Structures are given as C-alpha cells and as structure tokens.
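Participant: Need coordinates for the below:
(4 chains)
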There are 2 protein chains.
Amino acid sequence: MAENRKSGKRVTIYDIARELNLAPSSVSKALNDMPNISDKLKALVKAKAKELNYKHNLNAANLRRGYSGIIAVIVPKINVAFFSDVIAGMEEVCAANNHRLIICQTDESYQKEKQAVETLINQNVDCILISLSLETKATEHLQEILENNIELIQFDRVLSDIDCSTIVNDNHEASYTAVQHLLDQGYRKIAFFGGPSHLKIYQDRKKGYLQAIKEASLVVPYNYIVENAFSTESARAAAVDLLQFQDPPDAFFTISDYAALGVLKAGQSLGLEIPRQLGIVGYANESFTDLISPALTTIDQNSRELGRQAVGIYFNHLRHKKDVQDTPEPVSVSVHEVVKSSLIVRDSSQRNK
Amino acid sequence: MAENRKSGKRVTIYDIARELNLAPSSVSKALNDMPNISDKLKALVKAKAKELNYKHNLNAANLRRGYSGIIAVIVPKINVAFFSDVIAGMEEVCAANNHRLIICQTDESYQKEKQAVETLINQNVDCILISLSLETKATEHLQEILENNIELIQFDRVLSDIDCSTIVNDNHEASYTAVQHLLDQGYRKIAFFGGPSHLKIYQDRKKGYLQAIKEASLVVPYNYIVENAFSTESARAAAVDLLQFQDPPDAFFTISDYAALGVLKAGQSLGLEIPRQLGIVGYANESFTDLISPALTTIDQNSRELGRQAVGIYFNHLRHKKDVQDTPEPVSVSVHEVVKSSLIVRDSSQRNK
DNA sequence: GACCGGAATAAAATCGATTTCAGAAAGTTT
DNA sequence: AAACTTTCTGAAATCGATTTTATTCCGGTC
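Facilitator: Residues are numbered from 1 along each chain as shown, chains lettered A, B, ... in the order given. The predicted structure is shown next:
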C-alpha cells in the first residue's frame, strides 16, 4: 500500500489528496489543524499521511510562507562553557516554542562571521542571535541582517552602533563585586587583565574594577592594567612579567578564566603560594575552574538563563507582531536586557576563612 | 536606485531581469556561472545583483533542485571536547566544499534525537552525521533517514544494525595500548570502568582491556570491571567502593576522562598518592586533563581528523554520484573507516621515570 | 419550495529559483 | 550565399506547500 515512495520520489500532499480523493488544499489545511476542516477529515488525512510516510517539505512551505521557523545563533566558539550553556538555554526555549535552532561558529574570525551571516540570510532564518568575534569592529554585516527583515539580537559581546536588541550581563557590577571580594580578603595591590577594548563588555568590566579600586582610595601603578591578556598564554606571560616587577601585585582580577589560569600557572612557576601570597579571580565559571587546584574563584554569568532570555526577546516580538499584524511596518522596538551574574568564591582568592 | 527593496519585499531574479531587460532564466544562469552565458553578461548581472542587494533564496532554489547543500551533525553534547573538536573538523571540510553545517544536540536523550532527525528530514538536508545518545538502542529513526534518500553516516557511538557508513576510533587497540602502558609502569591490579554495553565502542574498549590483561596472564576479580561508570560522580562512588575492597586495584582504566576524574577524586579523598599508589588512565583528552594535578594520562582520539574524514565520506559519495548520475538507483556503498588514536602519557600513570 | 447562512471542500494563484527546450544570433564551412 | 554549427538568450514548466477565492452542500426558516 505504501508503494508510492519508490525510487526516491517524495510523498507530497498531492499523493495524499489523490489517495483520499480530496483537494491538496484540504490536505494542507487538515495537516495544519486549520479551522474549517472537520475533525473527521483531519484524522483521516493525518492517518493517511502517516501511512504513506509523508514528510513535510519545509523548503516548499517556507518559500510560500516567507518565514522558516528557524532561529540561528552565531558564537565565536562552541566549546567555551559560557557559549555552550547559552546555547543550551536557547535550545530549551526554541523547542518549547516549536522552533529550530541552527548553531554557527566563527572561531573568532571576522571573515567567518560575515560568511555565516550571509549564509543565514540566504537560508531565510527568522532571527539571528549573535555574540561577536573578537576581531569584529564593523557592523555592516549586521546591518544587512536588518535590511533583510530578519530580527537581530546581540548578546554578551555586543557593538552598540547598530539599532537592535541586546542582552548582556551586569558586567560592571559583577566586576565591582569581584574586586570588592579581593579587597575584603585583604589584597591591596590588585592587577587587572582585560579584553579588547572596542567591546563594551570589556570596558564595563574594567570600569567595575576601577570603581572598586577608586572607592577603596587605592592607586595602582599603570602597568597593573593590561588590556589584552585574553588567552592563557598571553596572561601567563604578562603575569610573569608583572610579578617580577619591583612592586608586584598581590592579586589579579581577569576577565576570562583562561587568563586566570595563565596567572595561576605564572604564580606557581614563580613559587608563590596561592591564595596566601597571590589572589586570583577569573570570569565565566568555565568547567575546569573547580577541577584545578587551587580551585578558581570566578564569576558565574548565569549563562543558560541568558540564553533563555535572549531568544525570549524574539518570541515576545513574534507574539506582539501576530497581535497587530495589520500595521504596515512592524515597529519592533529594541529592548536591552541585563542578566545578573554572581561571584563564586573558591580557594584561589580566599585567605581568611 | 536600490529602491526596489522597500517594505520588506525581497529582491528576486525577476527584479534583476526587469532592470536589465533580460529573462529570469538568463539571470539565474549568469549568477550560477553556468556555461552558455557570456562572461560579459555574467559580470553585468552580478554587478546589478550586488547593486540591488539581491539575496539568493535558498528555499526556492532547494525546492527546485531537490537538495540543499546543508549537512547536519547530531551529537549528544556540544560542550564535550571530543564532539566540539569533531564538529570543528567537519566545519573545516564543509566550508572547503561550499556546504553548510547545522549542529543539533540531543543531550543524551533518545526523544530529542528522534525529534532532531525528524526536523532535519523536513529540512531536506543532504546528509546526517550522527553520534548516538546513550539512551539510543533502536534504529527506526535512522532507517527513516535512509528512506528519505538522505545519506546517513554514524560516527563514534554507532549501532551496527543498520546499513550505513560508519567511522570510529581504533577503540580496541587504543585500550589495549593504554592497559599495556599501565602494565609497563608496574601496575598489576588494573580495574576497568566502562560504558553502556549496547554500544560497540564500549564493548571494544573493554575487549582491548581484557586482551591486555589476558596476555599478561593476569586474573582480575570480577568486581574490577564496572560496566556503567560513565560520569564523574558514578565513577567516584564506584572507585571509593572498590578502593576499600579487601583486595583493591592499584590502577584504573576508564573509558571517559570524566570517569577518570571521579577516580582521581576518590583516590585523593582516601589519601592515596597518585601515581605512586594509584595509576589512572582516562579517555578522550578532555581539555581539563592537563590542567588538573596530577595531569591525567589519556587517549587522544584525533577527533578533529575524525570529523574531517566523516564528512569526507559524504563528499566522496557525492563526487561519485555526479560521475555516474545516469544510474537509476545510486548504489552508494557503505564504507567503514577507523581513525587511529594515541596514548598521551601524563603524570597520573607514570611512576617510573 | 425558494432562500439564506454557514460549514466544508475545491480550484487556482503564488512563493522564487532552476531547467528544459525552443528559437535567435553569430560565426564557419563549402 | 546557402547550409550548418556554435553560442547565446528567452518562454514556460516545475519543485511542494500555502492561501485566497470560489463552489458545493447542508439544515433551517418563512
């Protein structure tokens, strides 16, 4: 009976219609649970669809509908805990709203980022969520997304010279809290390892650090602030340098756990006791942070929740659009959300217990 | 001039054709660099396309062509080093062959795996690469992939009761080598923590272990072999048990680094010196393995290369199909490849240096 | 029994690119 | 200059589902 599927010919609604002596349009409506179709017919059609092993052809449907039910997320690296957790949160909400999530990776390359965007526009995705590569300083490619009527939402690493929704952590506050914690522990000579300063999140983290330092009426030597110690190796090298300085720091606050790891290695290689002689606080709650010893104090970014809220912005707009679908130009208002993060105190910074 | 794009109307080849006084078919051919179109015309069309900010509509193209240029990979977890490296390798080759890669995550759930497969079939992807969830024991959903004329390639965690290409590591040999190494280091009472035995890779790893034990004319107590100590916590608990046994092991070979980490924690909590009193070898070269102390001896699965070769199977078939596109039923022959892995010796198992 | 309202179903247009096939233009060969 | 290629270009069909518009078929009403 299910002989229709021979030699790679796909089963279509026309096949179902023919077998059931119906019009294709009725089949389509039945399968989509639209009104004006009797329940009896719906059941009949669905049964036949299953019997013939019918598969909905999304290309055809999307072409007609003009939207795809697909949301795309572009991240620098999927194997960084922050991003994979964010993605997990996004997947959760997408699944609940019956949408698909496509994941793209840029490997911190601006070229790859542009290419991914191009592909996704061609793909007709409904929404693009992006956290920019470290190399990205221009936003023309993001502008193109908007020009193609695709909703754009930036998260974490955002650039503000484009009008779209954004969602980030409370970077300023979290950094302030982290440095406060170091001060509480009696550290006074706190160095800061930052990230590329064209990205707001790294500026904010630096500002949080500076505010805490300032409020404690401390003055730090200029070389305590290193702008671009992002990777383990660059941080290690910079820390070794700094720790051999005539007036070395007694603590480090770094904007990435990988950098913190570099500092830790530097400290250990110089025979420093951690946390007694050297306090370290990282950023991101990378999974290795509580496996190494001493376990690393770090900031948990609540990343899964951030992912959930990020796609949530899209679904809110979607619901809103449906309600007022008469408006000619859908005024989708950009929102800017902030997700709270929290300090996780571990051994690397805790010297008075 | 580029006024055609107002109010969300997409630029199509018809728009280009109209502006250039050409037929849409000529535009299509020019954009696709097909023969029978003069270079002059191609240049003209491409220039106009850029000017109008034309975007190729993949939904339309794919509907017509019947294929999508999209390859999908389904993995249990993207944040496991093995899988994210495999994906990186796949992306590399996909990009080189001008295909797109979609990533799906099952979170070790059979339900989610089935749903992902369903979605991808609807999406009309050209090829699905899959590493099964731990829960997966049936293959009906995989069968469906084949029935829809989508190429199926299983990697790493494969089930053999379905006819498709597979690619795995030399699990037997690698495990054998790992246990050999422990024997070389003088360990004699080697325990084994395995994985779900319905998956061939875990059977093979166990066989490799058993072969090495047997060849050394050793006999291990039955409780040295634990079938399902996969996670850190289950392995830790099992190891604590075993180490307090009247005749405790002096070494562990586990089929996952996470399990090895559990063993390490167990050993440390019982005050055992590693590697002097307890040797440990893990599996997968997870990134944390050389961050913890002692650094963990483990097996590197050459995962990026495995990813490259996995999609390579598809592109080989594709090239082959193009050559013989006359054959009515394309006889795509299943291939079965093996990727060599290598032992990485670190501190956790090295007691005679 | 003519008429109406509503529900259920059908017919046909549509989305945008590709592809087949036919035809026009240009160039070669005798 | 006729005949014949070889290039190039255009018209129209097509992929499969959705959607708008048009029927048909009811029971019910006066």
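Participant: Where does the stretch 151-300 of chain A get nearest to DNA strand C, residue-wise?
Facilitator: Distances between the stretch 151-300 of chain A and DNA strand C by CB to the nearest atom of the strand are smallest at A:Glu151, namely 17.9 Å. Using the backbone N, CA and C atoms, a C-beta is placed for each residue, glycine as well.
Participant: nearest residue to that residue other than its sequence neighbours?
Facilitator: With sequence-adjacent residues excluded and distances taken as CB to CB, 6 or more residues apart in numbering or on different chains, A:Glu151 is closest to A:Cys127, at 4.3 Å.
Participant: do A:Gln115 as well
Facilitator: Nearest to A:Gln115 is B:Ala95, by CB to CB, 6+ apart, at 7.9 Å.
Participant: ok, and the one you found, which helix or strand is that part of?
Facilitator: Under the criterion of DSSP states H and E, B:Ala95 resides in helix B:81-96.
Participant: right, and the helix or strand after that helix?
Facilitator: Per DSSP H and E, the first helix or strand lying C-terminal to helix B:81-96 is strand B:100-105.
Participant: Just checking: what are the partner strands of that following strand?
Facilitator: Here strand B:100-105 has these sheet partners by DSSP bridges: strand B:70-75 (parallel).
Participant: Outside of the partner strand itself, list whatever touches it.
Facilitator: B:83, B:86-87, B:90, B:94, B:99-106, B:113, B:116-117, B:120, B:123-131, B:311, B:314 (CB atoms under 8 Å, 6 or more residues apart in numbering or on different chains).
Participant: same deal with stretch A:227-238?
Facilitator: Residues contacting stretch A:227-238 (CB under 8 Å, 6+ apart): A:134, A:193-197, A:226, A:239, A:254-256, A:258-263, A:265-266.
Participant: from those residues, which ones fall inside helices?
Facilitator: If you go by DSSP state H, these have A:Ala239, A:Tyr258, A:Ala259, A:Ala260, A:Leu261, A:Gly262, A:Val263, A:Lys265, A:Ala266 in helices.
Participant: Those residues, buried ones only, as a PyMOL selection?
Facilitator: Command for PyMOL that selects the buried part of the ones in helices among the contacts of stretch A:227-238, burial taken from 16 or more other CB atoms under 10 Å in any protein chain shown:
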select buried, chain A and resi 239+258+259+260+261+262+263+265+266
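Participant: Report pLDDT for the spatially closest residue to A:Cys94 that is not a sequence neighbour.
Facilitator: Using CB to CB, 6+ apart and skipping the chain neighbours, the partner closest in space to A:Cys94 is A:Leu101 (4.5 Å). At A:Leu101, the pLDDT value in this model is 88.
Participant: For chain B, tell me which of the ones in helices among the contacts of stretch A:227-238 show up nearby.
Facilitator: Applying CB under 8 Å from any CB of the partner chain to these, one finds that A:Leu261 fall near chain B.
Participant: want to try CSV for the ones in helices among the contacts of stretch A:227-238, with pLDDT and distance to A:Asn79 as columns?
Facilitator: Shown next, in CSV, are the ones in helices among the contacts of stretch A:227-238 (pLDDT from 0 to 100; distance: CB to CB, whole Å):
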residue, pLDDT, distance to A:Asn79
A:Ala239, 96, 24
A:Tyr258, 94, 12
A:Ala259, 96, 17
A:Ala260, 97, 18
A:Leu261, 95, 15
A:Gly262, 95, 18
A:Val263, 97, 22
A:Lys265, 94, 20
A:Ala266, 95, 24
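Participant: where exactly do the helices run in chain A?
Facilitator: Counting by DSSP H, the helices of chain A are A:13-20, A:24-31, A:39-51, A:58-65, A:81-96, A:110-123, A:140-147, A:171-184, A:200-215, A:232-243, A:257-269, A:303-323.
Participant: List just the nearest of the ones in helices among the contacts of stretch A:227-238 to B:Arg346.
Facilitator: Nearest to B:Arg346, judged by CB to CB, of those is A:Lys265 at 15.6 Å.
Participant: List the residues that contact that closest one.
Facilitator: A:Lys265 sits in contact with A:Thr232, A:Arg236, where contact means CB under 8 Å, 6+ apart.
Participant: what's the answer for A:Tyr314, then?
Facilitator: A:Ile71, A:Asp126, A:Cys127, A:Leu129, A:Glu151, A:Ile153.
Participant: cutoff 10 Å now
Facilitator: A:71, A:90, A:93-94, A:97, A:99, A:126-129, A:151-153, A:165, A:332 (CB atoms under 10 Å, 6 or more residues apart in numbering or on different chains).
Participant: Lowest-confidence member of those residues, which is it?
Facilitator: Out of the contacts of A:Tyr314, that is A:Ser332, at 66.
Participant: what about chain A, any weak spots by pLDDT?
Facilitator: Along chain A, the model assigns pLDDT under 70 to residues A:1-8, A:322-332.
Participant: rerun that using 50 as the cut-off
Facilitator: A:1-7, A:325-330 (pLDDT under 50).
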